[in-house]
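Sequence and predicted model, in that order:
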Amino acid sequence: MPGGYGAGASRQAHPHVRGFRPCGHALKKESIMQRALIADVVHADAPMESVTVMGWVRTKRESKDFAFLEINDGSCLKNLQVVVDAGVPGWEDLPRILTGASIQVRGAVVPSPGKGQRWEVRAQEVAVIGEAGPEYPLQKKRHTDEFLRTIAHLRPRTNKYGALYRIRARLAHAVHQYFHDHGFYLVHAPIITGSDCEGAGEMFQVTTLPLEAVPLEKGAVRYEDDFFGRPASLTVSGQLAAENLACALGRVYTFGPTFRAENSNTPKHAAEFWMIEPEMAFATLADDMDLAEDLVRSMARYALAHCAEDLALFAQFVEPTLMATLENVATKPFVRMPYAEAMEVLGRSGKEFQFPVGFGHDLQTEHERYLTEEYCKAPVIVYDYPKEIKAFYMRMNDDGRTVAAMDLLVPRIGELVGGSAREERLDVLSRRMEELGMPQEEYWWYLDLRRFGTVPHAGFGMGFERLLMLITGVSNIRDVIPFPRTPKHLEF
RNA sequence: UCCCUGGUAGCUCAAUCGGCAGAGCGGGUGGCUGUUAACCACUAGGUUGGCGGUUCAAGUCCGUCCCAGGGAGCCA
């Protein structure tokens, strides 16, 4: 056995955390785990005579008679400095302990005489768990995001990506907490769908038919031979399912994977992403906007309150204006502006836009960025769009030309949230679908909602990765999801 | 998919007008009694993205393909 894990385990089950007082925010597993978490050690409020920690070596600084190891176990951003004196058990293994190796250290937690850390561990025993050779690709100096994407399996071991995925986990938790606290029920919308008109982009087809010999009949695919007996796809939205559940449970939300087969190659699109879709019965567009604003604000507040240490890294190294942005989102009301007014603002902005401005034109990226970054200098909700540029299910306004839709635009990212009041009037919805040439019989269950006890209802979709980009300042969606899926990229 | 910019050592980057392929980090060896991007000395490490062309001579110029990043469209 190459490592000393077995040998090190010879003194397993000793009470290694005597005098241990866990700090407030760290994971508290010490009662069931043999090892202490580095988060708890570096945030300790008293010395400890003996702890056992395990982690990955970030750097080693050697002298003739002693060495410093910095190890990280993912429990927090900070590394733990370990001092190893010549002669302690495991000293002879030090040449095998290069950056990236996993090790186990038993030692005393003592005040550090050096600068840069309050506590350090004076090793009583060091054991190699798994070596990492000199070809280990991560070094302690800075790497580019592009390079780290090529080693997505190892990048969580860097400060930046470790912090990112800790924040991602905590924000996912915060989303569930938020909805739970506001009377929303989580619903699990289907991932595989038979409705090919969910209305939001190209879909990935799901099939068990042999692609090299698809069964044909008069040139057409015999879908009755396919798994479901009809065409099937991965979901592009949980909205239709959420609407049905909302019209029974009142307030619901989905938080699940979403798939778009668009050939988009941009820093804010992925083929597989996670979307949060609340849906409320007995609600108007104003309620919808209130919810979107409060949700985004709450997430910013949660991050500021619960991810301060990790966020500080992004404020320092990734996006210098991050803290100002988050404070702004957390405290100031968002701007709300009807679409028609937004077009007027753009028209008299004096800006030379590449795309035309005026009623009936869609808001382009350049327009969104002007509104939120320059004109409002804050998140802005644009609402009441012309019906022609929005989806069939959005509620017709009394003016007959706009629908009760809203987009929440934020600096740097653009559209973070898109939502609407849903058309609950059967005759209006039916007429609209007819205008668009949609097969109503395929939506019989969706129309049934309007037939039986219909209620005004509203909801929206928020891309979780885009929320993370806002919260962390990271500028590419491929870096806020551990293993991104984009066109021509299915590594890992 | 379109437009722009790139691709040089394991990583981050230099290389003047077309004229000998370089540094830092990382690795190895040796030194150093408190380091923290440790330090000092020595050392190994290259098909300059691929293919073709121009030239006495190509990392550098031309063509083409591949890959990456940014911008745009589509959207969350």
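Arrived safely, thanks for sending. Values in this document were obtained by computation on a predicted structure and should not be read as measured data.

shaky segments in the stretch 151-300 of chain A?
A:196-200 (pLDDT under 70).

Flag every residue of it that's near RNA strand B.
A:200-201, A:237, A:260, A:262-271, A:273, A:275 (C-beta under 7 Å from any atom of the strand). Every C-beta, even on glycine, is put in place using the N, C-alpha and C of the backbone.

could you check the distance from A:Leu164 over to A:Glu131?
27 Å (C-beta to C-beta, to the nearest Å).

same check, this time on A:Leu468
Using C-beta to C-beta, A:Leu468 is found at 34 Å from A:Glu131.

Which of these two has more residues huddled nearby?
More crowded of A:Leu468 and A:Glu131, by other C-beta atoms under 10 Å: A:Leu468, with 24 against 16.

That one is in what secondary structure piece?
Using DSSP states H and E, the element containing A:Leu468 is helix A:464-472.

how is chain A carved up into domains?
Using automatic domain parsing, the domain ranges for chain A come out as A:5-130, A:155-201+A:236-479.

And for chain A, the residue most distant from the center?
Here the centre of chain A is the reference, and by C-alpha atoms, centre = their mean the most remote residue is A:Gly87, at 46.6 Å.

element containing that residue?
Using DSSP H and E, A:Gly87 falls outside every helix and strand.

before we move on, back to that, the helix holding A:Leu468: which residues count as buried?
Using 16 or more other C-beta atoms under 10 Å as the burial criterion, the residues of helix A:464-472 that qualify are A:464-472.

can you give me how far it is from the chain middle?
Put simply, helix A:464-472 sits 6 Å off its chain's centre (C-alpha atoms, centre = their mean, to the nearest Å).

in chain A, what residue is nearest RNA strand B?
The minimum distance from chain A to RNA strand B, using C-beta to the nearest atom of the strand, falls at A:Gly114 (2.1 Å).

got the phi/psi numbers for that residue?
Main-chain torsions, A:Gly114, degrees, to the nearest 10: phi -80, psi 170.

Spit out the contact partners of it.
A:81, A:120 (C-beta atoms under 8 Å, 6 or more residues apart in numbering).

go again using 6 Å as the cut-off
Counting by C-beta atoms under 6 Å, 6 or more residues apart in numbering, A:Gly114 makes contact with nothing.

And it, how far from A:Ala44?
Per C-beta to C-beta, A:Gly114 is found 17 Å from A:Ala44.

what do you get for A:Ala270?
40 Å.

ok, these two, which is more surrounded?
A:Ala270 (25 against 20).

which residues does the more buried one contact?
So A:Ala270 contacts A:477, A:484-486 (C-beta under 6 Å, 6+ apart).

so which of those residues also contact RNA strand B?
Restricting these to those adjacent to RNA strand B (criterion: C-beta under 7 Å from any atom of the strand) gives A:Ile477.

Can you say which of the contacts of A:Ala270 are buried?
Buried subset of the contacts of A:Ala270 (neighbour count, 16+ other C-beta under 10 Å): A:477, A:484-486.

tell me which residues of the longest strand seen in chain A are tucked away?
In chain A, assigned by DSSP state E, the strand with the most residues is strand A:48-62. Residues of strand A:48-62 classed as buried by neighbour count (16+ other C-beta under 10 Å): A:48, A:50-58, A:60.

mind putting the residues you listed in JSON lines, distance to A:Glu366 and pLDDT included?
Formatted as JSON lines, the buried residues of strand A:48-62 follow (distance: C-beta to C-beta, whole Å; pLDDT from 0 to 100):
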{"residue": "A:Met48", "distance to A:Glu366": "57", "pLDDT": "92"}
{"residue": "A:Ser50", "distance to A:Glu366": "61", "pLDDT": "91"}
{"residue": "A:Val51", "distance to A:Glu366": "55", "pLDDT": "93"}
{"residue": "A:Thr52", "distance to A:Glu366": "56", "pLDDT": "94"}
{"residue": "A:Val53", "distance to A:Glu366": "51", "pLDDT": "94"}
{"residue": "A:Met54", "distance to A:Glu366": "51", "pLDDT": "94"}
{"residue": "A:Gly55", "distance to A:Glu366": "47", "pLDDT": "94"}
{"residue": "A:Trp56", "distance to A:Glu366": "44", "pLDDT": "94"}
{"residue": "A:Val57", "distance to A:Glu366": "47", "pLDDT": "93"}
{"residue": "A:Arg58", "distance to A:Glu366": "42", "pLDDT": "92"}
{"residue": "A:Lys60", "distance to A:Glu366": "50", "pLDDT": "91"}
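
For those, give me CSV that also has distance to RNA strand B.
Below are these laid out as CSV (distance: C-beta to the nearest atom of the strand, whole Å):
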residue, distance to RNA strand B
A:Met48, 16
A:Ser50, 17
A:Val51, 16
A:Thr52, 19
A:Val53, 16
A:Met54, 20
A:Gly55, 16
A:Trp56, 14
A:Val57, 9
A:Arg58, 8
A:Lys60, 7
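
Name the residues that touch stretch A:145-163?
With C-beta under 6 Å, 6+ apart as the contact definition, stretch A:145-163 has outside contacts at A:56, A:74, A:77, A:137-138, A:165, A:310, A:313, A:479, A:483, A:492.

among the buried residues of helix A:464-472, which are in reach of RNA strand B?
A:465-466.

Quickly check the buried residues of helix A:464-472 for the two that are furthest apart.
Farthest pair in the buried residues of helix A:464-472 (C-beta to C-beta) is A:Phe464 and A:Thr472. Separation: 12.3 Å.

Would you mark the buried spots in the helix or strand encompassing A:Ala172?
Assessed by DSSP H and E, A:Ala172 sits inside helix A:159-181. Residues A:159-168, A:170-172, A:174-175, A:178-179 are the ones in helix A:159-181 that count as buried (16+ other C-beta under 10 Å).

Same check on stretch A:125-145?
For stretch A:125-145, by 16+ other C-beta under 10 Å, it's A:125-129, A:131-132, A:136, A:138.

what residues does the stretch 301-450 of chain A put near RNA strand B?
A:355, A:362, A:364-366, A:368-369, A:414-418.
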